[in-house]
Each structure stands twice: as C-alpha cells, then as structure tokens.
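> What would the 3D arrangement of this be:
(one chain, ligands or ions: 3)
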Amino acid sequence: MTYGNVIFVGFMGTGKTTVGSALAKDLGIPHRDLDEAIAEREGCSIPELFATKGEQYFRDAESAMLRELLQEKPQVLTTGGGAVLRPENVRLMLSEGTVIALSAAEEELIRRLAGDTGRPLIAGDMAQRVRRLLDERKGAYDFAPIQIDTTGKDVSDIVAEIRGRMVESGLIGRD
Ligand SMILES: Nc1ncnc2c1ncn2[C@@H]1O[C@H](COP(=O)(O)OP(=O)(O)OP(=O)(O)O)[C@@H](O)[C@H]1O
Ligand SMILES: O=C(O)C1=C[C@@H](O)[C@@H](O)[C@H](O)C1
Ligand SMILES: [Mg+2]
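Ligands and ions are numbered 1, 2, ... in the order given. As a prediction, the model looks like this:
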C-alpha cells in the first residue's frame, strides 16, 4: 500500500514516463503524465503547442496542471523535463508527495532520444542541444530525496530498485 503522490522528475529521456507507468502498474495505483494531460487539455501535441503559443504559455499550463493533478492522490505522476525550472513547482512537489529523480549518462540519453520528434527543445542538432541543456540544468533535479541512475538498466530492474528504496524509506511495505 502506498499513500500520496509518487512524483518523477528528471531530464528528457531519463525514462520518467516509461518507468512511472511500470511502477504504477506494479503498485496498483493510477499513472498520470503531465505532458500528456497538457496535450489532452490543449487539444494538440507538445511541439504544436510550443510552435503556436510559445514556451512561456507551455510553462504556465505546466504549473497549473501540476497543481491540479497533485490533488488526485494516490497516483504516480510523471512530469516533463522542465517542470522543475520554477521554484514554486519544486516546493509544491516536495510538499505533496515523494519525489524521485531519474538520471542517465549523456551518451545514453542521446541514444534514447535519437529520432524523437516530440520534444521541441531538442529539435535540430539533438546531441548538441541535449549537451547544452544538460549543462544548463546541472543540479536542477538534485532536490529529490530519491535519486536513481538508470544508465544500462532495464525498466523492470529500475522499478525493483525504486520499490526497494521506497521500502527503505518506509513509504510502502515489503510485499
Ligand atoms: N531504462 C531504459 N533503457 C532503455 N531505454 C529506455 C529506458 N527508459 C526509457 N527508455 C526509452 O527512452 C525514451 C524516452 O523515455 P521516456 O519518454 O519515458 O522519457 P521521459 O523522461 O518521460 O522524457 P520527457 O521528459 O521528454 O517526458 C523512450 O523511447 C523509452 O522507450
Ligand atoms: O525538458 C523540457 O523542458 C521539456 C521536456 C518534455 O517532457 C516536455 O515537457 C517539453 O518538451 C519540455
Ligand atoms: Mg515523459
């Protein structure tokens, strides 16, 4: 049994949506994804939203949707890579749930994101943009009390590792 929100943060491609969905199944609680909820509400994809309304509009929608979705506990809530950029969002996440940060080595992120067209901030020279953004966001995910490096690990192993950390922290029982 788990209580409250389990919130995933991390850079694009660290696997928040993929791992969060698998963890929610494993724990038997719902999974919501902030990017998917925004796209559904706005009636268009994230790249379309950036192109038509701009990043500032997206960030406002992201903060509002975060506040709204955090009311629906218990759940696994997976955020977008930039949701931690506003301090008010970070404060809200820390007060409303358990925050788990996923990370992965730069070259692995570049491999995972190759061919992707759904992330407007890395469109164009993807590898160069990933490197620059990683540098700009250094430390941005360090606030999360549970830190998981996903490099070279399968989704099922990552879920097992997270479960172990949640048991250690007294958030869930052993079975
Ligand atoms: N542990 C893993 N090993 C290999 N590939 C992975 C792993 N986790 C995720 N992936 C792949 O990496 C890509 C990005 O994963 P995902 O969409 O879950 O990332 P995200 O952190 O939610 O990104 P965003 O911040 O843009 O929402 C997907 O193609 C996914 O299948
Ligand atoms: O890292 C980011 O700033 C983003 C990550 C994606 O999940 C989306 O939220 C959007 O493409 C912006
Ligand atoms: Mg995602």
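> give the contact list for residue 145.
By CB atoms under 8 Å, 6 or more residues apart in numbering, the contact list for residue 145 reads 98, 99, 169. For every residue, glycine as well, the C-beta is placed using N, CA and C.
> Please report how far residue 117 lies from ligand 3.
Going from residue 117 to ligand 3 by CB to the ion, to the nearest Å gives 14 Å.
> correct me, but that residue touches residue 123?
Yes. A contact is recorded between residue 117 and residue 123 when judged using CB atoms under 8 Å, the distance being 7.4 Å.
> can you pull out the helices in the protein?
Taking DSSP state H to define them, one finds helices in the chain at 16-27, 34-42, 46-53, 55-69, 87-96, 106-113, 126-136, 155-168.
> Adding distance to residue 5, mean pLDDT and mean neighbour count, write those helices out as JSON lines.
Listed next are the helices of the chain as JSON lines, based on distance: least, CB to CB, whole Å; pLDDT from 0 to 100; neighbours: other CB atoms under 10 Å:
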{"stretch": "helix 16-27", "distance to residue 5": "11", "mean pLDDT": "97", "mean neighbour count": "20"}
{"stretch": "helix 34-42", "distance to residue 5": "12", "mean pLDDT": "98", "mean neighbour count": "18"}
{"stretch": "helix 46-53", "distance to residue 5": "22", "mean pLDDT": "97", "mean neighbour count": "15"}
{"stretch": "helix 55-69", "distance to residue 5": "9", "mean pLDDT": "98", "mean neighbour count": "16"}
{"stretch": "helix 87-96", "distance to residue 5": "5", "mean pLDDT": "97", "mean neighbour count": "15"}
{"stretch": "helix 106-113", "distance to residue 5": "25", "mean pLDDT": "96", "mean neighbour count": "17"}
{"stretch": "helix 126-136", "distance to residue 5": "26", "mean pLDDT": "97", "mean neighbour count": "15"}
{"stretch": "helix 155-168", "distance to residue 5": "13", "mean pLDDT": "96", "mean neighbour count": "15"}
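> Output the ones you listed as TSV; include the columns distance to ligand 1.
TSV is the format used below for the helices of the chain (distance: least, CB to the nearest ligand atom, whole Å):
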stretch	distance to ligand 1
helix 16-27	3
helix 34-42	5
helix 46-53	8
helix 55-69	11
helix 87-96	14
helix 106-113	4
helix 126-136	11
helix 155-168	5
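> Those: which one's closest to ligand 3?
helix 16-27 (3.3 Å; CB to the ion).
> hmm, the closest one touching ligand 2?
No. Figure legend: helix 16-27 not in contact with ligand 2 (CB under 6 Å from any ligand atom); closest approach 7.8 Å.
> so what's the closest residue to ligand 1 within the chain up against?
With CB to the nearest ligand atom, the shortest gap between the chain and ligand 1 falls at residue 15, namely 2.8 Å. Under the criterion of CB under 8 Å, 6+ apart, the contact list for residue 15 reads 102, 104, 112, 150, 155, 158.
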